[in-house]
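> let's see this in three dimensions:
(one chain, ligands or ions: 2)
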Amino acid sequence: MADCLFCRIVAGEIPAKVLKRSPEALAFADIDPKAPVHVLIIPTRHIPAARDAKGSDGEGLLGGLLAFAAEIASELGLDAGGYRIVTNTGKNAGQSVDHLHFHLLGGRKMTWPPG
Ligand code: 5GP
Ligand code: ZN
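Numbering: from 1, shown residues only. Ligands and ions are numbered 1, 2, ... in the order given. Modelled structure (predicted):
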């Protein structure tokens, strides 16, 4: 989608610190990190949010993104200390970019529940 920020990052039109890529997924550093490790994991094709990933296609996509995030967490040495993977969906969750993304957060103790 031409006017989507994350599609433009996928296309290389906007620079990002890319950590890992596959044909289906891209992982890059969040521009405004909320933890020592803050990586965004996105599908390379435009899907607005988790609620739009339906059916067996959606299942495969969401599962693939989660596995991709867990691989990155391992590669960044987060397995022992632990980490959080979260996706904000829609207004109440505070989603600010309408291209599905998982946040991978680690490197510090986190509280629960989120605000
Ligand atoms: P959301 O609020 O939708 O769950 O998360 C969007 C995330 O995208 C935020 O954590 C924000 O810091 C990040 N973000 C916004 N614009 C950019 C950008 O241009 N580059 C990168 N790398 N991250 C961005
Ligand atoms: Zn997009």
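
> near ligand 1 at all, the longest helix along the chain?
For the chain, the longest helix by residue count, based on DSSP state H, is helix 55-75. No - judged by CB under 6 Å from any ligand atom, helix 55-75 stays clear of ligand 1, getting no closer than 14.0 Å. Placement of C-beta: from N, CA and C, glycine included.

> what helices or strands is that helix leaning on?
strand 18-21, strand 25-29, strand 37-43, strand 83-86, strand 102-106 (3 or more CB pairs under 8 Å, 6 or more residues apart in numbering; DSSP states H and E).

> tabulate these in CSV, adding columns for mean neighbour count and mean pLDDT.
Shown next, in CSV, are these (neighbours: other CB atoms under 10 Å; pLDDT from 0 to 100):
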stretch, mean neighbour count, mean pLDDT
strand 18-21, 14, 98
strand 25-29, 20, 98
strand 37-43, 22, 98
strand 83-86, 16, 98
strand 102-106, 22, 98
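
> okay, those in JSON lines with distance to residue 50 next?
Formatted as JSON lines, those follow (distance: least, CB to CB, whole Å):
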{"stretch": "strand 18-21", "distance to residue 50": "20"}
{"stretch": "strand 25-29", "distance to residue 50": "14"}
{"stretch": "strand 37-43", "distance to residue 50": "11"}
{"stretch": "strand 83-86", "distance to residue 50": "11"}
{"stretch": "strand 102-106", "distance to residue 50": "9"}
